[in-house]
Structures are given as structure tokens and as C-alpha cells.
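Engineer: what would the 3D arrangement of this be:
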Amino acid sequence: MPTAVALFSGGLDSTLAIRILQEQGFQIEALNIRTTFDCCRVPAAQAAQSLGVNLTVLSVGDDYIDLLRHPRYGYGKGMNPCVDCRIYMARMAKRLMDEVGACVVITGEILGQRPMSQKRPDLANIERHSGLEGRLLRPLSAQLLPPTIPEQEGLIDRQRLYGFRGRSRGPLIELARRYGLSEIPPPSTGCALTEVSFAPRVRDLVERDQGAGRWDFELLNVGRHFRLDPDVKAVVGRNEAENASLEIYFRQAPPGRAAYVRPHNFVGPDVLLSGLVSARAVRLAGALILRYSKRYDPQDAWVQVSRDDRVQTLRAEQVPEAEQLRPL
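Structural biologist: As a prediction, the model looks like this:
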């Protein structure tokens, strides 16, 4: 039985790509790739189970950060390096293809569906630079694209592939019903790197901190982010769960690169300071805590500051400068 590796998000397009190859007698090894950002993490385990396929979940490496900084094909409307990201994932899929002895990698990509990565030249670049020339099949648009090697060798019947184009979900939903899919996955929320509420955080980190690593990028997923000066920013927890997450990030922070400020005698958010922490940054962190706290005595509000192995208690004061700060 021939084997295919499927780049699998759990969404409708990649689900259909798998069903199309299953109908032609292929065994499928599904690959779900986790990026640095929580928003990009789509549950795929249940979908893979319903399709009866093995699922491998891999996380991107530290080199993914370099891709975010210097994408060969540039950014989309936000900080989304779509073509470079697809190349990166396709390379991971190729490694799995070689490991399991598969003959092809399949994806749910549709010609013209996404403006940044699914135009014809983009699809060709992804195939060429991933090392998958002739081995990267898009079953939903295959009849509009050059035939792959497995098609030419007769392993895949090209007439049973499709020629979808554009963004319409109607024909895909109809196909899903023909394949007997009982639950139609909802449309993807998309990549957070395109979102106006998230992309500025990434841009700020890329432009302001050339030494930022995985810890810094993963921290972007939590809290409200404020740039205090070129060397330090504050991350303010929005609820109890985020306070707990920020404390974990603080304990994992690179040495000398963070401080943790929390309310001492009142209830409010915690603040993680990231970067070269100064006395001014600590003062602004205390003021931000007051800004987002509902009840405290302005004359008797104290915060606890943890930094490296030192812990001290300082009085928190409202600072006009902190009131003018806006989240990234």
C-alpha cells in the first residue's frame, strides 16, 4: 500500500486532501506542526482519529525565529511570512516522508485561496525550495497544476483529483458531504501574525530586540504588552490564569533578563518585566498594576519585586507616564 505524508491542521481543506488519497488506497501519515504562537495551534488529534490516520505532532525549531526575522519572500499584511513558513513546514514533511518511506507529501492548499502563499508562483516556490519537486501534491487543485511524479507513475489517478480555485467553501462542503464527513470543521481563524491586535507585538520584538529567542516570542502569547523604552517592556496579566503563566515565564527567563512585580497588600495583576530592567521600569510596572486594579489604598499600595535572587517590597504610585502607555 503506498504511503503519503499529509500536512494536517485538522481543518476542512487538509481533511479533504486526506480523504481524496484514502479513496485511492493510500495509507496516510498525518503531520501537525506547532509554531511558536498559541493561536496557530489547532486541535488535530480528534480529526486524525476520525479519519483513521496516524498523527505525528512536531514543534518548530529555534531556526523558525530566524525565519520570522528575515523571510526570503517577505511579509503579508501583518508579520506573516507565509511562503517561507510553508517552505519550512514542507521541509519538515519531507523529512518524515523519507523516514516512513512515503512517495508524496499532500496538503490542503487551494490555488488562489490565500493571497500571500497560494498563487501559482508561490506554490511553485514552496515545492522547489522544500526539496519536494514532483513530490508535493495539492489534491484539491491538482488538475490546475503540473502532474506530480506519483501521478506520472500511475500511483495516483489524476482524474480523481480536483480543480478547485479561490476562497469559496461551498464546493468543499459539498465534497465533504459526498465523502460522508459527519462534522464539517469550521473555517480557520487564520494566522495571528496577520491580526492587527497581535502583529504589532511581533514587529516590536523583531525590530527592538535582535537577540530575542524562543522565550521572548512565546511570551507574546500572554497578557498585555507595553514598550517602556528600547531596552525593556512590561507584560501585564489579564486574569489569574495569565498571572500564573507569567510567573512560569519569569522562572524560565534568561539570567539577568527579567523581573517580576506583583501586588503585595491588594488584589491586582502581575507584571513581568522583560529586558534590561531599570528602576524606572519597576516604577512603571507598579503604576501599571494600579492602573488595572480596582481596589487599593493610594496611600498604602505596595508591590513585591523579584529579580534574580532578590526580593524587595516597594510602594506603588500612580505615574502619569504609565497612564499614557498603550498596549502593543
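Engineer: how many neighbours does the residue nearest to Leu276 when sequence neighbours are not counted have?
Structural biologist: Nearest non-adjacent residue to Leu276, counting by C-beta to C-beta, 6 or more residues apart in numbering: Asp231, 4.2 Å away. For the C-beta atoms, the positions are set from N, CA and C on the backbone; glycine is no exception. Per other C-beta atoms under 10 Å, the neighbour tally for Asp231 reads 14.
Engineer: how about the one 4 residues further on?
Structural biologist: Neighbours of Val235 under the rule other C-beta under 10 Å: 28.
Engineer: so it, which state does it fall into?
Structural biologist: strand (DSSP: H, G, I helix; E, B strand; the rest coil).
Engineer: look up how far Asn221 lies from it.
Structural biologist: 10 Å (C-beta to C-beta, to the nearest Å).
Engineer: how about Arg95?
Structural biologist: In terms of C-beta to C-beta, Arg95 sits 27 Å off from Asn221.
Engineer: just want to know which of the two has more residues nearby.
Structural biologist: The neighbour comparison of Arg95 against Asn221 (other C-beta under 10 Å) goes to Asn221, with 18 against 13.
Engineer: using the three-state scheme, assign the more buried one.
Structural biologist: coil.
Engineer: numbering from 33 from now on, please.
Structural biologist: Yep, numbering from 33; the last one is Asn253 now.
Engineer: look up how far Gln331 lies from it.
Structural biologist: Taken as C-beta to C-beta, the span from Asn253 to Gln331 is 36 Å.
Engineer: now do Ile142
Structural biologist: Applying C-beta to C-beta to Ile142 and Gln331 gives a distance of 62 Å.
Engineer: neighbour count winner among these two?
Structural biologist: Between Ile142 and Gln331, Ile142 has the larger neighbour count (other C-beta under 10 Å), namely 25 against 7.
Engineer: wait, that one touches Gly195, no?
Structural biologist: No. Using C-beta atoms under 8 Å, Ile142 makes no contact with Gly195, being 9.9 Å away.
Engineer: circling back to that earlier point, so who does the residue nearest to Leu308 touch?
Structural biologist: Residues in contact with Asp263 (C-beta atoms under 8 Å, 6 or more residues apart in numbering) are 307-308, 310.
Engineer: quick check: pLDDT value at it.
Structural biologist: Per-residue pLDDT puts Asp263 at 93.
Engineer: which parts of this structure belong to which domain?
Structural biologist: Listed by automatic domain parsing, the domain ranges of the chain are 35-224, 254-356.
Engineer: and those: which comes nearest Arg246?
Structural biologist: With respect to Arg246, and counting by C-beta to C-beta, the nearest of these is domain 35-224 at 5.8 Å.
Engineer: gap between the two ends of that closest one?
Structural biologist: Domain 35-224 has an end-to-end distance of 32 Å (criterion: C-alpha to C-alpha, to the nearest Å).
Engineer: centre of the chain versus it, how much separation?
Structural biologist: Put simply, domain 35-224 sits 16 Å off its chain's centre (C-alpha atoms, centre = their mean, to the nearest Å).
Engineer: do the same with stretch 340-348
Structural biologist: The answer for stretch 340-348 is 35 Å, by C-alpha atoms, centre = their mean.
Engineer: excluding its backbone neighbours, what's nearest Gln81?
Structural biologist: Excluding the flanking residues, the one nearest Gln81 by C-beta to C-beta, 6+ apart is Leu87, at 7.9 Å.
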